[in-house]
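Undergrad: Structure for this input, please:
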Amino acid sequence: MTISQALRLRRSLLAERLPNRPVLLFSGRERARNYPGNSYPFRASSHFLYFAGWNHPGLTVLLEGGRAVLFYDFPESEDVVWHGSGLSEQELKARFAFDEIRPSSRLSEVQGATSLPLAEAAEQLEVMGRVPDLTEDRELAEAVVFLRLDHDACAQQQLRQAGRATVQAHRAGMAATRRGATEWQVRAAMDFELIQHGMPHSYQPIVTRDGQVLHNNAHENTLIDGDMILADFGAETLEGWAADVTRCWPVSGRFSQRQREIYQVVLKAQQEAIKAVKPWAEFRHIHLLAARVLTEGLIDLGLLVGKPDDLVERGAHALFFVHGLGHLLGLDVHDMEDLGDLAGYAEGRHRSPQFGLCYLRLDRTLKPGMAVTIEPGFYWIDRLLDDPEVLKPFADCVRPDVIQAYREVKGIRIEDDLLVTEQGHENLTPGLPTTLEEVERAVTGAVTASRS
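TA: Numbering: from 1, shown residues only. Got it, this is the predicted structure:
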């Protein structure tokens with residue numbers, strides 16, 4: 001399936017769900033870093049990309065009855081001097097299956113249209129100096145969620161492309177890791193791999209020895225033996241489709257005993273969760289399965305005391321595994337989270353107030369065509385494990401003396417991207433070292449070469 005074929009199909013499916021309903025979608029506008037001519041790299045709205053395909057600022061598309069009308073002003077002579085002539089009308093129609101292209105001045109002719117999201121639309125239209133009467137309704141949002149949850153063949157191929165580039169980037173990071181290097185140097189090796197694939201990041205990368213900081217975007221530390229790198233790093237195709245992968249590896253090429261023990265616990269939790277990914281499985285149940293497997297491992301190591309099911313029900317595991325097991329993946333790395341929980345939570349389901357479980361991003365029945373991440377973790381977070389008040393409700397099941405012995409572990413997360421299929425699932429990020437032995441071999445070869 002070509003991109004133009006996929007776009008036509010998506011538009012016709014939207015028209016079936018919203019007959020006789022005009023919809024306006026906006027790509028968004030460029031944002032200046034410090035002065036108008038120096039802007040941040042532009043990336044169009046994901047809803048716009050899904051139905052229109054063209055990653056270009058200041059665009060509006062009218063969808064009605066399966067047809068797509070692009071409102072676009074072709075560059076004037078002065079713009080052509082600086083930026084080139086761009087795509088012709090024929091090229092735009094062929095590549096993105098636009099049925100008609102009108103000048104932006106005719107946008108005011110559109111009446112009774114809905115938009116998604118309305119705030120983004122209003123911002124772009126204000127800059128353009130024209131604000132037609134728009135409404136935003138839940139029915140449109142629900143229709144978009146319904147379509148974007150089920151990735152078509154074109155989307156699946158895009159996700160595989162992003163996954164392949166991401167795997168190569170992680171391998172490059174492992175090969176670049178050595179004592180005395182900085183986190184920046186490891187990230188630079190990973191960035192270089194994406195540049196060779198012509199892809200940007202799908203989110204701000206995490207490449208750090210301080211893996212206990214869940215969203216750590218600093219890269220200033222110098223690496224020493226005993227450190228582990230936690231790399232949460234994903235590519236995005238030029239069409240906007242994302243990958244999201246995490247691996248951990250030792251700077252020396254060998255995990256310490258404590259690191260090995262916790263890594264094995266996290267890996268088992270991930271493997272059991274991956275096995276459970278199949279059509280009609282409940283993602284919340286898979287999350288709780290991973291939490292139970294992790295809890296069993298922590299009981300075996302002596303960090304926790306009690307029955308696994310009881311501890312998970314109380315949320316004791318969340319002292320170490322704070323976040324949810326994963327999330328939707330697609331055009332957004334956390335797909336459609338701009339719509340709040342409408343995409344992540346099925347109708348009638350709501351977030352739990354329990355610590356840990358309240359961060360679960362996905363509570364749906366899995367169906368073929370959905371893409372999700374599976375990413376259990378263990379974190380030694382000072383704010384939780386050094387605070388007597390936080391530990392007090394778990395005084396009967398937590399072993400503070402044993403917990404302190406694992407402080408060196410800091411953070412371990414193992415994450416892969418899965419596509420739900422009719423038969424079970426497909427790993428979109430295959431071939432990446434995952435077991436202790438595979439990871440150590442991937443690092444030690446480079447470390448040995450650098451020291452010889």
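
Undergrad: Going by C-alpha atoms from here, please, whenever you check contacts or count neighbours.
TA: Will do.

Undergrad: any idea where the helices of the stretch 251-400 of the chain begin and end?
TA: Secondary structure of the stretch 251-400 of the chain, counting by DSSP state H, counting those that start in this stretch: helices at 257-275, 283-301, 308-314, 341-344, 382-385, 388-391, 400-405.

Undergrad: Of those helices, which stretch is the most buried?
TA: helix 283-301 (a mean of 22; mean count of other CA atoms under 10 Å).

Undergrad: ok, residue 145 - contacts?
TA: 336, 342-343 (CA atoms under 8 Å, 6 or more residues apart in numbering).

Undergrad: out of those residues, who's nearest residue 26?
TA: Each of the contacts of residue 145 was scored against residue 26 by CA to CA, and residue 336 proved nearest at 15.5 Å.

Undergrad: Let me see the contact set for the residue nearest to that closest one when sequence neighbours are not counted.
TA: Excluding its sequence neighbours, the residue lying closest to residue 336 (CA to CA, 6 or more residues apart in numbering) is residue 343, at 6.1 Å. Applying CA under 8 Å, 6+ apart, one finds that residue 343 lies in contact with 145, 149, 335-337.

Undergrad: hmm, 10 Å instead?
TA: 141-142, 144-146, 148-149, 328, 335-337, 361-364 (CA atoms under 10 Å, 6 or more residues apart in numbering).

Undergrad: Buried among the residues you listed? Need that as a selection in PyMOL.
TA: Here is the PyMOL selection string for the buried members of these, based on 16 or more other CA atoms under 10 Å:
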select buried, resi 141+144+145+148+149+328+335+336+361+362+363+364
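
Undergrad: Strands of the stretch 1-150 of the chain, residue ranges please.
TA: 23-26, 60-64, 67-71, 100-102, 113-115, 134-135 (DSSP state E, counting those that start in this stretch).

Undergrad: mean pLDDT for those strands: which is lowest?
TA: Per-stretch mean pLDDT for those is lowest at strand 134-135 (a mean of 60).

Undergrad: low-scoring stretches of the chain, by residue?
TA: 117-136, 446-452 (pLDDT under 70).

Undergrad: tell me the domain ranges of it?
TA: 3-149, 153-451 (automatic domain parsing).

Undergrad: so which of these is the most packed in?
TA: Taking mean count of other CA under 10 Å, domain 153-451 is the most buried of these, at a mean of 20.

Undergrad: just how off-centre is that one within its chain?
TA: 12 Å (CA atoms, centre = their mean, to the nearest Å).

Undergrad: could I get the helices of the stretch 251-400 of the chain as JSON lines with distance to residue 95?
TA: Shown next, in JSON lines, are these (distance: least, CA to CA, whole Å):
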{"stretch": "helix 257-275", "distance to residue 95": "37"}
{"stretch": "helix 283-301", "distance to residue 95": "37"}
{"stretch": "helix 308-314", "distance to residue 95": "51"}
{"stretch": "helix 341-344", "distance to residue 95": "29"}
{"stretch": "helix 382-385", "distance to residue 95": "52"}
{"stretch": "helix 388-391", "distance to residue 95": "56"}
{"stretch": "helix 400-405", "distance to residue 95": "57"}
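
Undergrad: Looking at the ones you listed, spot the one closest to residue 436.
TA: Closest among those, using CA to CA: helix 257-275, at 7.4 Å.

Undergrad: quick one: the residue of the chain positioned farthest from its centre and residue 84, what's the gap?
TA: For the chain, the largest distance from the centre (CA atoms, centre = their mean) belongs to residue 77, which lies 40.0 Å off. According to CA to CA, to the nearest Å, residue 77 stands 9 Å off from residue 84.

Undergrad: I'd say residue 208 and residue 231 touch.
TA: Yes - here residue 208 reaches residue 231: they are 6.5 Å apart, a contact under CA atoms under 10 Å.

Undergrad: got a list of what the residue nearest the centre of the chain touches?
TA: The residue lying closest to the centre of the chain (CA atoms, centre = their mean) is residue 333, at 2.3 Å. Contacts for residue 333 (CA under 10 Å, 6+ apart) come out as 201-203, 234-236, 240-244, 327, 372-373.

Undergrad: now, which of those sits nearest residue 42?
TA: Comparing the contacts of residue 333 against residue 42 with CA to CA places residue 240 closest, at 11.4 Å.

Undergrad: Now the phi/psi pair for residue 249, please.
TA: phi -150, psi 150 (degrees, to the nearest 10).

Undergrad: Tell me what it is bridged to.
TA: Per DSSP bridges, the residues bridged to residue 249 are residue 229.

Undergrad: these two touch, right, it and residue 443?
TA: Yes - between residue 249 and residue 443 there is a contact at 7.5 Å, judged by CA under 10 Å.

Undergrad: Tell me how far residue 58 lies from residue 95.
TA: Applying CA to CA to residue 58 and residue 95 gives a distance of 18 Å.

Undergrad: go on, residue 10?
TA: 15 Å.

Undergrad: Same question for residue 43.
TA: The value you get for residue 43 to residue 95, if CA to CA is used, is 18 Å.

Undergrad: How about the contacts made by residue 45?
TA: 25-29, 55-57, 116-117, 120, 240, 331-332.

Undergrad: sorry, back to before: what do residue 208 and residue 231 both touch?
TA: By CA under 10 Å, 6+ apart, the residues touching both residue 208 and residue 231 are 183, 186-187, 216, 248.
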